[in-house]
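Q: Sequence plus predicted model, see below.
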Amino acid sequence: MKLNEKTKVQKWTHVPRFRIYDLRHIFGTRLAESGADPFTIMKIMGHSSISTSQTYVHPTPERLEDAFTSVQANTLRRRQDASAASAAS
């Protein structure tokens, strides 16, 4: 691809810098977002260690917020269950 063509593509896609290698990061992130566990991500991406795969996974702010909200909901549910159990005894 000629430099001029690359510049046109970057302007059209609103992506200032793109390399084919970036697709590995997108793929790793999408695997994680779809619920794949770290070991599975490692195997699918062909890495020999989970720490290598971690460099390719970039959770979005929404995913981080969802995880935090999930922890809060689980904590609240456990407290309610403990209160109900102690009230029943």
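A: Looks like it arrived, so ask away. Residues are numbered from 1 along each chain as shown.
Q: Contact partners for the spatially most central residue of the chain?
A: Centroid-nearest residue in the chain, with Cα atoms, centre = their mean: residue 59, separated by 3.5 Å. For residue 59, the contact set (Cβ atoms under 8 Å, 6 or more residues apart in numbering) comprises 29, 32-33, 67. Every residue, glycine included, has its C-beta placed from N, CA and C.
Q: Below-threshold pLDDT in this structure: ranges please.
A: 1-3, 6, 15 (pLDDT under 70).
Q: so the residue nearest to the centre of the chain, which of the three states?
A: coil (DSSP: H, G, I helix; E, B strand; the rest coil).
Q: Where does residue 19 sit: helix, strand or coil?
A: For residue 19, the assignment made with three-state DSSP gives coil.
Q: Angles on the backbone of it, please.
A: The phi/psi pair for residue 19 (degrees, to the nearest 10) reads phi -130, psi 150.
Q: Residue 47 now?
A: Note on residue 47: its backbone torsions stand at phi -90, psi 160 [degrees, to the nearest 10].
Q: do residue 68 as well
A: The phi/psi pair for residue 68 (degrees, to the nearest 10) is phi -60, psi -40.
Q: Now find how far off-centre stretch 19-30 is within its chain.
A: Stretch 19-30 has its C-alpha centroid displaced from the chain centroid by 12 Å (Cα atoms, centre = their mean, to the nearest Å).
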